[in-house]
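[1] Structure, please.
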Amino acid sequence: MYYRTYKNVNRTTRHTTAKCCAGWMHVPGQEGCQRANCTPDLCHNGGYCQPDKLVTKNEICHCPLGFQGARCQYGG
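    Model (predicted):
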């Protein structure tokens with residue numbers, strides 16, 4: 001003879017979430033933060049933000065002459 005018994009089991013499920021750096025956003029279906037999020041203070045020294053479809057080499061700011069870097073932070 002036997003009998004059947006049931007037991008409730010509670011499990012904690014953990015999910016990894018990524019937080020994007022300032023100026024970047026997550027694109028669903030892609031790993032990491034792949035899209036430029038143009039904010040007013042993103043580019044320095046008079047640079048302006050480019051739409052992400054024009055980005056080359058991860059530079060998202062168009063820098064004025066004499067400045068360079070992803071946020072136009074180098075030069076002078």
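[2] Sheet partners, orientation included, of the worst-scoring helix or strand of the chain on mean pLDDT?
    One helix or strand of the chain scores below all others by mean pLDDT, DSSP states H and E: strand 33-36, with a mean of 76. Strand 33-36 has the following strand partners under DSSP bridges: strand 24-26 (antiparallel).
[3] Now the least confident helix or strand of the chain: buried residues?
    For strand 33-36, a neighbour-count test (16 or more other C-beta atoms under 10 Å) marks 33, 35, 36 as buried. C-beta: built from backbone N, CA, C; applies to glycine.
[4] Give me the distance between the spatially most central residue of the chain and residue 17.
    Nearest to the mean C-alpha position of the chain, by C-alpha atoms, centre = their mean, lies residue 33 at 2.7 Å. For residue 33, the distance to residue 17 equals 12 Å [C-beta to C-beta, to the nearest Å].
[5] mind listing the helices for this protein?
    Along the chain, counting by DSSP state H, no stretch forms helices.
[6] Do a quick rundown of the strands in it.
    In the chain, the segments counted as strands under DSSP state E are 24-26, 33-36, 48-49, 61-62, 67-68, 74-75.
[7] still on that earlier bit, can you give the distance from the least confident helix or strand of the chain to the centre of its chain?
    5 Å (C-alpha atoms, centre = their mean, to the nearest Å).
[8] do the same with stretch 68-76
    20 Å.
[9] picking up where we left off before, want to throw the strands of the chain into JSON lines with distance to residue 11?
    Output for these, formatted as JSON lines (distance: least, C-beta to C-beta, whole Å):
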{"stretch": "strand 24-26", "distance to residue 11": "27"}
{"stretch": "strand 33-36", "distance to residue 11": "30"}
{"stretch": "strand 48-49", "distance to residue 11": "44"}
{"stretch": "strand 61-62", "distance to residue 11": "46"}
{"stretch": "strand 67-68", "distance to residue 11": "51"}
{"stretch": "strand 74-75", "distance to residue 11": "50"}
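[10] Quickly compare those strands and say which is most buried.
    strand 61-62 (a mean of 19; mean count of other C-beta atoms under 10 Å).
[11] so what secondary structure elements neighbour that one?
    strand 48-49 (3 or more C-beta pairs under 8 Å, 6 or more residues apart in numbering; DSSP states H and E).
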